[in-house]
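Trainee: A structural model of the following input is requested.
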Amino acid sequence: NAEKSQALPFMNCPPLLDGSMAGDVGFDPLGLSNIDDVGIDLYWLREAEVKHARVAMLAVVGILQVEIFGPAPGCEMATDKCQMDAFWQLWGAHPQYVAFGLIMITIIEMVSGIAATQGRESGERAPGDFGLDPLGFSKGDEAAFAKLQAQEIANGRLAMWAAAGEIVQGCTTHKGAIENLMQSLADNSF
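Mentor: Model (predicted):
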């Protein structure tokens, strides 16, 4: 009798998903947690999930911030409320900004890749832990910190869907996320 998944009670819980990681409820219908033979293990998957969750949370807030308050200083040419269209306005006016952004992303990815590799090999670093804790959340109550980690993962998973929705809507409607929301509410209200 295998233990049943908390997320999918009709399926067995994957053996590596034992509830020890924040947000782990046994959801792995594709069996990705068991693919060690291709060099991707649960450590790498959690590292990628935490990284993408954090980036998505920043993306959602950034898209909404620009739509509400306007472009950042130096990016005044990106006037479109749809951030996907504003990107191409910025690309047309200052492609060096985009190139610089890509260079910075490359450097950050190299550093985080080294940290992930060393952490995976040594076991001394939890996935997504870069030692950046200026408010000292990890130094207090362990149960409270575990709750914060679970909230980070849950909000990050939601943000990944939200960012994808904002991007797809922007690409298809050429309107901003808030404008799309208001239009949807107007079209579907009684």
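Trainee: from here on, just use CA atoms for contacts and neighbour counts.
Mentor: Noted.
Trainee: which ones are touching the most centrally placed residue in the chain?
Mentor: Taking Cα atoms, centre = their mean as the criterion, Ala53 is the residue nearest the geometric centre of the chain, at 2.0 Å. For Ala53, the contact set (Cα atoms under 8 Å, 6 or more residues apart in numbering) comprises Ile153, Asn155, Gly156, Arg157, Ala159, Met160.
Trainee: element containing it, please.
Mentor: Per DSSP states H and E: Ala53 is located in helix 42-69.
Trainee: now that helix: average pLDDT?
Mentor: The average pLDDT within helix 42-69 is 91.
Trainee: and if you look at stretch 140-147?
Mentor: Throughout stretch 140-147, pLDDT has a mean value of 88.
Trainee: what does stretch 98-105 give?
Mentor: Averaged across stretch 98-105, pLDDT comes to 95.
Trainee: what lies in contact with that stretch?
Mentor: Here stretch 98-105 makes contact (Cα under 8 Å, 6+ apart) with Leu90, Trp91.
Trainee: try 7 Å this time
Mentor: For stretch 98-105, contacts defined as Cα atoms under 7 Å, 6 or more residues apart in numbering pick out Trp91.
Trainee: on that earlier part again, now the contacts of Ala53 as JSON lines including pLDDT and secondary structure?
Mentor: Listed next are the contacts of Ala53 as JSON lines, based on pLDDT from 0 to 100; DSSP: H, G, I helix; E, B strand; the rest coil:
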{"residue": "Ile153", "pLDDT": "92", "secondary structure": "helix"}
{"residue": "Asn155", "pLDDT": "95", "secondary structure": "helix"}
{"residue": "Gly156", "pLDDT": "95", "secondary structure": "helix"}
{"residue": "Arg157", "pLDDT": "93", "secondary structure": "helix"}
{"residue": "Ala159", "pLDDT": "97", "secondary structure": "helix"}
{"residue": "Met160", "pLDDT": "96", "secondary structure": "helix"}
